[in-house]
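**Q** What would the 3D arrangement of this be:
(chains A, B and C)
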Amino acid sequence: MNRRERWLVMVVLRDELLALRSVDDIIKARHLVRDCAVSQGLSLVDQTKLVTAASELARNALVHGGGGEMQLQALNDDVRKGIRIVFTDHGPGIADIRKAMKDGFSTSGGLGLGLGGARRLVDDFEIRSAPGQGTTVTIARWQQG
Amino acid sequence: MAALGGLCSASLEDATDLTVPKVIIKRGTFMPHPNTIAQDMYEHRDTVLKDWIGYQLSALTLRRDLLKDNELRESSREFLDLFIEAFGQSADASSPAWKPVKDFLADMSRMRSQQGFTPTETATFVFSLKQPLFDLVQQRNGQDSKTLADELWTLTVLLDKLGLYTTEIYQQNRQGVILRQQQELMELSTPVVQLWDEVLALPLIGTLDSARAQIVMENLLQRIVDTGARIAIIDITGVPTVDTLVAQHLMKTVAAARLMGADCIISGIRPQIAQTIVHLGVNLSDIITKATLADAFQVALQRTGTTLTRADAAAHGTEG
Amino acid sequence: MDRIPILKLGPHLLVTIQVDMHDRVAMTLQDDLTERIVKERARGVLLDISSVEVVDSFIGRMIGNTAAMARVLDAETVVVGMRPAVAITLVELGMALPGVRTALNVEAGMAVLESAGKMAGHGRPAR
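**A** Model (predicted):
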């Protein structure tokens, strides 16, 4: 079965929205993602990777995007179970996405591992952004095996 | 054949209350339903069952080596009862009324695939019901050809769906078996052994792909926590080739172990692999490497404050 | 606001992180810890993260910075009890925490501090 067909028969089991307005919401986001990852049967390592990626991206949306929201979906298709998370902010956006994805790129004085690091922790990663348009990052992690 | 029919109806009656708790079918009292074919089927079910079993027994595909006659009768009877019950409520195989039928087919498909039936043989069980049912429909009185065609079509669609369903279940089971075996193979192929107090060894054998490397890594790190090991020796004597990916996985494992507070030593690097590593530009300079497992073990013992000395009387002794 | 308690164990300080670390808690800890190192003239700090389920780059950076600050104040930091899943994630994230000493548990961490103390010149961490 190819990828396209998989998406067609996908079932959304759970769909939740969380506003990202303060650093407290980063903790809330972590708990929500962990809870969902456990119920979707992800292994402990996969749970930890996904929660960490979500924590990075929630913080990004907050620090660089001035807040936004996180949409969490538990997905099932015939073959596997997974989780998809969409982070949206209405901040200044990113002019050079390729540069922003590189390790060491930072506008906040950090190590700059946020975007590139998060990408390495998940199976699917998609980023859409343009100056003045805000940023949307979609990640997904699938149960292994 | 008369004796055969008698036997079947007897067992049908006996079994009504005992073996088929899911459906309530009592002789003579049939629930109201929108479907007159179902009514006919119910009334003539003994004949249909007898004919169907007859067809199955005479079919070339019947596996007499795997299936005893009475087992075939038993499952045919149970399936027909469930089929009529469901058909009385709906002609659409995807409606909830058909769940008992599908459950039955799923169980049967699972069992038969374990017994060595091919998916075709299992599906034929369902398809073969067409013949007696078509016979029944054609014998019904006062049917114009349009109604007849419609009825036959309904039954064909229904039985095709159910037959394919058994194949689907068969495939799902196979997929499950493959996944389980892959997992077992993975676990078997990554043994972590305790060499000494606080010293673990992971002798890797065979090709390391990404999935296996991941499991190796998780296993080793968990064992480090479980045993409180300070040093882990990863022996790659049995790994045929080391490419960039494998080297990266090794380095990640070493880095993760270090974060947890354990040191890794990589041993068993053959000359050829040493050359590849350098040519690939992989930097292993931060990692302790030794040519053989024995050398690595010696380093591990030194690190943990143990010394091995050969006793004078040629026997081995330890102190430390 | 939650505060992470800092315990004095002889010449060392023990910090056990048990909450899901909030950014502000992490920053407060850095202030509290550097203050205590100076006040107690501590030689070593044990940072027990065995209950921590997630370390993202912010918390990872906090750990690295804390160790660096302690070192400037002449105290050695040992991070103890990192869970395997957390370690794998940090490596994947690209944070190997170079220069930070680690140990499997508090006991082993204490042994690291003791041996570092004996060798007197504990300015640079060994790998």
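
**Q** quick one: low-confidence parts of chain A?
**A** Counting by pLDDT under 70, chain A has low-confidence residues at A:1-9, A:78, A:103-113, A:144-145.

**Q** again with the stretch 101-250 of chain B
**A** Along the stretch 101-250 of chain B, segments meeting pLDDT under 70 span B:141-142, B:187-189.

**Q** Alongside chain B, which residues does chain C contribute?
**A** Contact residues of chain C with respect to chain B, defined by C-beta under 8 Å from any C-beta of the partner chain, are listed as C:79-84, C:86-88, C:90-92, C:96-97, C:102-105, C:108-109, C:127. To be clear about C-beta, it is placed using only N, CA and C from the backbone, and glycine gets the same treatment.

**Q** Chain A contacts on chain C?
**A** With the criterion set to C-beta under 8 Å from any C-beta, chain C comes near chain A through C:20, C:22-24, C:53-58, C:61, C:83-86, C:88-89, C:92-95.

**Q** Try it again at 7 Å.
**A** Applying C-beta under 7 Å from any C-beta of the partner chain, we find that chain C lies next to chain A at C:20, C:22-24, C:53-54, C:56-58, C:61, C:85-86, C:88-89, C:92-95.

**Q** can you give me phi and psi for residue 63?
**A** You didn't pick a chain, so chain A it is. The main-chain torsion angles of residue A:63 are listed as degrees, to the nearest 10 and equal phi -80, psi -50.

**Q** ah, no, chain C please
**A** Backbone dihedrals for residue C:63, given as degrees, to the nearest 10, come out at phi -60, psi -50.

**Q** dump the residue contacts of it.
**A** Taking C-beta atoms under 7 Å, 6 or more residues apart in numbering or on different chains as the criterion, residue C:63 is in contact with C:47, C:79, C:97, C:100.

**Q** what do you get for residue B:204?
**A** When contacts are counted by C-beta under 7 Å, 6+ apart, residue B:204 touches B:216, B:234-236, B:238-239.

**Q** List only those of those residues flagged as buried.
**A** Those of these that meet the buried threshold are B:216, B:234-236, B:239, by 16 or more other C-beta atoms under 10 Å in any protein chain shown.

**Q** for those, which one is nearest chain C?
**A** If you rank the buried ones among the contacts of residue B:204 by distance to chain C using C-beta to the nearest C-beta, residue B:216 comes first, at 11.7 Å.

**Q** That closest one touches residue B:190, doesn't it?
**A** Yes - counting by C-beta atoms under 7 Å, residue B:216 sits close enough to residue B:190 to count as a contact (4.7 Å).

**Q** Touching both of the two, which residues are there?
**A** Residues touching both residue B:216 and residue B:190 (C-beta under 7 Å, 6+ apart): none.

**Q** and the gap between residue B:159 and residue A:79?
**A** Remark: distance between residue B:159 and residue A:79 (C-beta to C-beta, to the nearest Å) = 27 Å.

**Q** So which of these two has more stuff around it?
**A** For residue B:159 versus residue A:79, neighbours defined as other C-beta atoms under 10 Å in any protein chain shown are more numerous around residue B:159 (20 against 12).

**Q** Would you enumerate the residues in contact with that one?
**A** Listed by C-beta under 7 Å, 6+ apart, the contact set of residue B:159 reads B:126-127, B:129-130.

**Q** returning to what we had before: just the residues of chain C next to chain A: which are in helices?
**A** Using DSSP state H, the subset of those located in helices is C:23-24, C:57-58, C:61, C:85-86, C:88-89, C:92-93.

**Q** Now the strand or helix carrying residue B:47: buried residues?
**A** Using DSSP states H and E, residue B:47 sits within helix B:45-58. Judged by neighbour count (16+ other C-beta under 10 Å), helix B:45-58 contains these buried residues: B:45, B:47-53, B:55-56.

**Q** And stretch B:80-89, by the same measure?
**A** By neighbour count with 16+ other C-beta under 10 Å, stretch B:80-89 contains the buried residues B:80-89.

**Q** With adjacent residues omitted, what lies nearest to residue C:66?
**A** Counting by C-beta to C-beta, 6 or more residues apart in numbering or on different chains, residue C:66 lies nearest to residue C:30, which is 5.6 Å off, once chain neighbours are set aside.

**Q** and chain A, which residues reach chain C?
**A** For chain A, the residues in contact with chain C under the definition C-beta under 7 Å from any C-beta are A:23, A:27, A:30, A:44-45, A:48-49, A:51-52, A:55-56, A:59, A:103, A:110-111, A:113-114, A:117, A:120-121.

**Q** residues near residue 25, how many?
**A** Went with chain A since none was named. Residue crowding around residue A:25 was assessed by other C-beta under 10 Å; the count is 21.

**Q** looking at chain C here, not the other one
**A** As a burial measure, the neighbour count of residue C:25 was computed by other C-beta under 10 Å and equals 19.

**Q** State the pLDDT value of it.
**A** Reported pLDDT at residue C:25 in the predicted model: 85.

**Q** okay but it is in contact with residue C:4, surely?
**A** Yes - counting by C-beta under 7 Å, residue C:4 is a contact partner of residue C:25 at 6.4 Å.

**Q** if we can go back for a sec, same list (the buried residues of helix B:45-58) but as TSV, adding pLDDT and distance to chain C.
**A** Shown next, in TSV, are the buried residues of helix B:45-58 (pLDDT from 0 to 100; distance: C-beta to the nearest C-beta, whole Å):
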residue	pLDDT	distance to chain C
B:45	86	59
B:47	89	64
B:48	90	59
B:49	91	58
B:50	90	62
B:51	90	62
B:52	91	56
B:53	89	57
B:55	86	58
B:56	85	55
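
**Q** Give me the pLDDT for residue C:88.
**A** Per-residue confidence at residue C:88 stands at 95 (pLDDT).

**Q** Do I have it right that it meets residue B:254?
**A** No - using C-beta under 7 Å, residue C:88 is not in contact with residue B:254, being 12.0 Å away.

**Q** the more surrounded of those two?
**A** The residue with more neighbours, out of residue C:88 and residue B:254, is residue C:88; 27 against 24, by other C-beta under 10 Å.

**Q** In contact with that one, which residues are there?
**A** For residue C:88, the contact set (C-beta under 7 Å, 6+ apart) comprises A:45, B:217, B:221, B:256.

**Q** ditto for residue A:38
**A** For residue A:38, the contacting residues are residue A:47, by C-beta under 7 Å, 6+ apart.

**Q** now it, what's its secondary structure?
**A** When classified by DSSP: H, G, I helix; E, B strand; the rest coil, residue A:38 comes out as helix.

**Q** Roughly how far does it sit from residue B:303?
**A** From residue A:38 to residue B:303 the distance is 38 Å (C-beta to C-beta).

**Q** Which neighbouring elements make contact with the helix or strand where residue A:54 lies?
**A** Following DSSP H and E, the helix or strand that holds residue A:54 is helix A:44-63. Of the remaining helices and strands, those touching helix A:44-63 by 3 or more C-beta pairs under 7 Å, 6 or more residues apart in numbering or on different chains; DSSP states H and E are strand A:11-20, helix A:23-39, strand A:81-89, helix A:114-120, strand A:135-142, helix C:84-93.

**Q** can you give me the angle it makes with strand A:81-89?
**A** Helix A:44-63 and strand A:81-89 are oriented at 10 degrees to each other (axes from the mean of the first three to the mean of the last three C-alpha atoms, to 10 degrees).

**Q** Could I get the buried residue list for the helix or strand just after helix A:44-63?
**A** Secondary structure here is assigned by DSSP H and E; on that basis, the next helix or strand after helix A:44-63 toward the C-terminus is strand A:68-76. Residues of strand A:68-76 classed as buried: A:68-70, A:72-76 (neighbour count, 16+ other C-beta under 10 Å).
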